[in-house]
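Asker: Curious how this folds, go ahead:
(chains A and B)
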There are 2 protein chains.
Amino acid sequence: MTFPWPEPGTKLSDVLTPMPIVDEARLEANIARAQGYMDKHGIGFRPHIKTHKIPSVARAQLAAGAIGITCQKLTEAEVFADAGFDDILITYNILGAARLARLRALNERVRLTVVADSAVTVDGLAAAFGEGRPLRVLVECDTGAKRCGVGTPEEAVALARRIAAAPGLRFEGLMTYPVPGGAAVVEAFLVRTMDLLAGVGLDCPVRSGGGSPDFWQAHAVPSVTEHRAGTYVYNDRAMLRAGTCGAEDLAMQVQVTVVSRPLPDRMVLDAGSKALTSDLSGFTDHGLIEGMPEARIVVLSEEHAVVDISACEWRPGVGEVLRVVPNHTCPVSNLFDRVVFHRDGVVTRVEPVAARGMVW
Amino acid sequence: MTFPWPEPGTKLSDVLTPMPIVDEARLEANIARAQGYMDKHGIGFRPHIKTHKIPSVARAQLAAGAIGITCQKLTEAEVFADAGFDDILITYNILGAARLARLRALNERVRLTVVADSAVTVDGLAAAFGEGRPLRVLVECDTGAKRCGVGTPEEAVALARRIAAAPGLRFEGLMTYPVPGGAAVVEAFLVRTMDLLAGVGLDCPVRSGGGSPDFWQAHAVPSVTEHRAGTYVYNDRAMLRAGTCGAEDLAMQVQVTVVSRPLPDRMVLDAGSKALTSDLSGFTDHGLIEGMPEARIVVLSEEHAVVDISACEWRPGVGEVLRVVPNHTCPVSNLFDRVVFHRDGVVTRVEPVAARGMVW
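Answerer: Next up is the predicted model:
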C-alpha cells in the first residue's frame, strides 16, 4: 500500500481524513506568545514535547528562547537526543536494570535531569550511576495533583539528602506538577522546603513548575525558576475551557468527513477513538466541531463518531469535510505516524511524529 | 535509540513495561472455541482484525476455518491484502475520489466487499466502478446500535436496487452491527427485508451479523449467514462483564510497573492513556489489576495510572511488576508498534501490529 500523506502544496481539502492538521501561523503565534510571557517574568521555559512529539516543533520552541525540553519517558528523550537536543528533563521515576542502563548511556551524551519521589527510585539511580558523568536529580513533590511526588517538605529534604549522598547523583532541586489554581500551595511548599534544605547545607538551584491550564499564572509562584508546559503549543478544547487560549489560538484540528446521515438528527464522522481518543478531559462529549457549536459528539467507537445534530441549523450531508477541535490534543498526536501542517489552506509539510508510541 | 522489544526466549518478567502481552495458549483456545461454535451452527465466521491488527493472528483464524476477514477501514484492508489475505469485507462507507481509486485497485487483487448506507455512498462507488471487476456491496442496516445504517427494510431495499442498477456494483446482501440482546430485532429486520427483496427480484446471499458481546447467541438470528467479531480473540474486561468469557480466557494483558507509592492508599503505574487508552467502555475506572481485585485505577494521565489501593490487602512496592486487563483491548493494540506473545512465562515472538494507525 502507499501511505496517504499529502505532498506540500496540496490543498487541505484534498487531504485524506481523518487527519490531524496544524496551522503554522497559529503554532508560531502560540510559541512566541508563551515564550514572551516567560521572558517577561524571568522564568526559564522548558516545553514538554508530549503534545507534538516532533523535533522540528521543539526546535522552534528552542529558537524562541526555551532553555531545554521536557520528556515524560526515557524513550522519548532518546528520540529527541537522536534529533540533536542536548538539555532534557525526564519527569519520571526511572526504575529497573534495563532502563537504568539506557539512562546511563543517554546521560553520557546530553545534559540530563530526572526526577525521583522514593528511596527505591533514588537507590536504583545511585547504584546505576556509580561512575561516569553524574546524573542530575530533582525531587518530585505532590502539591495537590495527587499523582506522584513526596507529600511534605520534610520528605522532600530526606530524599534530597539521599540523592546528595550518592556519589553518582547530583541533587539539583525540586519539581512539581501543580493543580490549576494551586499557586499559593506550591509557593508555600517550595519556600518551606528550600528553608529546610538550606538548614542542611543543600543548594536547590532548580524549582520546576508546570502546566498549560494555569500557564499565564506561572509568575504567581515566585520561587519557580523554570516552567514546563506542552499543550499551549497546539491548544485544545480543554485549554479553551480553562480560558488559557481563545478560539483563534487553536492550532490543531482533526479534519474529518461525514460518512453517514442515517437520520435527520444524526451525523456520523470517519473519526473515532483511533483519531480523537476517548479522552474526555472532564467533558461529556468528544470534541468541538468548528462551525457547528450546537453539535454534540455523543458516542465514539473506534472508527466512527456519532454526532447529535438535532440542535443544529446547518446539517452537513454525506461527504462534507469538517474540522474537530479535540478535547485534548496530546494523545491525538500519539495516534498518528505523521501530522499535516498547513498555511492559508495549503499543506506546508508533513512531519513524522518521531516520539509517537514511546511509552517506555 | 534501540527499540525495547525482547528476543524470543526472554522471561516475561524481563520485558520492559508498559507492554501488551498475549498468552499463546489462551489465544489458541479462544480461536478454536469461537470457530467451533460457528461451525456447529453452520454460520460463516469472518473475524474482525481490529482487535489484533496482526496478519499472523488472522492467519490462525483462517486456519481454524474462518471464511475471510473483516476490516473497518480501507487502509487496514490494504495492509492485509499485502500480507496475502484474499477475502476481505470492509464494513465502512467509502467516499471521495482518492479513496475510491485505492478501493478500485484493491478490488483487482482480492475478493472485496464493502458496505453502504446512503445514495451518496452508492453513487460514488457506482461512478468509480464503471469498468473492471465489479465490487460487492452490502447494505448496512441499523438494528438498534444507532450508528450507521438505513433504518427500515424499505430503505434497505431502495438502496439495494440502486446498487443492483449500477453496472460496476453487485448487490450482495445485508450487514448489521447488532446491539447485545437484539437478536429478535435483527431477525425481524432481515426477514422482512429479504421478503421485500424477493418481491423485486433481488437475491440476498449474504446476511452479515456481528459482535463479541453476544458472540454465543449468533445462532439466535437464523437468517444470518456470517458473523463478524474481533474482541473474542483476546477478550477484555468488557467481555468479562458481558459474560462472554471467563478470567481464564483473557489472552491480553498490559504488563506494568509500580513507579510510585506516595501514600499508603495510592499506587502509581507506568501505564497511562498511552498504554491503556481512556476507553471506559461503560466502566468508571480504567482496567482490572490481576491479583488485586479491590484496586481501582481511578485516574489516567498520559503516562501514569493512579490506583486507589485503600481496600487492598496486598499493597505492592515501587518496582513491582503487575498485569492490567484493559477495559477494551482493541484500541490498546492501536497504541503499540509491536505486541509481545508468550507461553509459560517466556516470550515466543514479538509481532508488528501491521495495521496500527490505519484509520483511512
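
Asker: Check the secondary structure at residue A:33 for me.
Answerer: Residue A:33 falls in the helix class when you classify it by DSSP: H, G, I helix; E, B strand; the rest coil.

Asker: Next, the contact list for it, please.
Answerer: Contacts for residue A:33 (CB atoms under 8 Å, 6 or more residues apart in numbering or on different chains) come out as none. (Each C-beta comes from the backbone N, C-alpha and C, glycine too.)

Asker: what's the helix or strand for residue A:89?
Answerer: Of the helices and strands defined by DSSP states H and E, residue A:89 is found in strand A:87-90.

Asker: got the contact list for that strand?
Answerer: Judged by CB under 8 Å, 6+ apart, the contacts made with strand A:87-90 from elsewhere in the structure are A:46, A:67-74, A:76-77, A:80-81, A:106, A:110-115, A:138, A:175, A:208, A:228.

Asker: now the helices for the stretch 151-300 of chain A?
Answerer: Under the criterion DSSP state H, counting those that start in this stretch, the stretch 151-300 of chain A contains helices at A:153-164, A:183-199, A:237-242, A:273-276.

Asker: If you count neighbours, what's buried in the longest one?
Answerer: Applying a neighbour-count criterion of 16 or more other CB atoms under 10 Å in any protein chain shown, the buried positions in helix A:183-199 are A:183, A:186, A:187, A:189, A:190, A:193, A:194, A:196, A:197.

Asker: circling back to that earlier point, just the buried ones among the contacts of strand A:87-90, please.
Answerer: For the contacts of strand A:87-90, burial is judged from neighbour counts taken by 16+ other CB under 10 Å, and it is met by A:46, A:67-74, A:76-77, A:80-81, A:106, A:110, A:112-115, A:138, A:175, A:208, A:228.

Asker: Run through the residues you listed and flag the ones next to chain B.
Answerer: Restricting the buried ones among the contacts of strand A:87-90 to those within reach of chain B (CB under 8 Å from any CB of the partner chain) leaves A:72, A:73, A:81.

Asker: Leaving out sequence neighbours, find the closest residue to the first one.
Answerer: If you skip the residues right next to it in sequence, residue A:72 has residue B:303 as its closest partner in space, 4.7 Å away by CB to CB, 6 or more residues apart in numbering or on different chains.

Asker: so what's the backbone phi/psi at the residue lying closest to residue A:219 once chain neighbours are set aside?
Answerer: Taking CB to CB, 6+ apart as the measure, residue A:219 lies nearest to residue A:41, with 4.1 Å between them; neighbours along the chain are not counted. Comment: the main-chain dihedrals of residue A:41 come out as phi -100, psi 10, following degrees, to the nearest 10.

Asker: From residue B:292, how far out is residue A:41?
Answerer: As for residue A:41, its distance to residue B:292 is 45 Å (criterion: CB to CB, to the nearest Å).

Asker: just residue A:34 next, same as before
Answerer: Distance check for residue A:34 against residue B:292: by CB to CB, it reads 41 Å.

Asker: The two - which one has more neighbours?
Answerer: For residue A:34 against residue B:292, the residue with the higher neighbour count under other CB atoms under 10 Å in any protein chain shown is residue A:34, and the figures read 24 against 20.

Asker: The more buried one contacts residue A:228, doesn't it?
Answerer: No: between residue A:34 and residue A:228 no contact is recorded; they are 11.6 Å apart, counting by CB atoms under 8 Å.

Asker: just to revisit the earlier point, cross-check the contact I'm expecting between the residue nearest to residue A:72 and residue A:360.
Answerer: No: taking contacts as CB under 8 Å, residue B:303 lies outside contact range of residue A:360: 10.0 Å.
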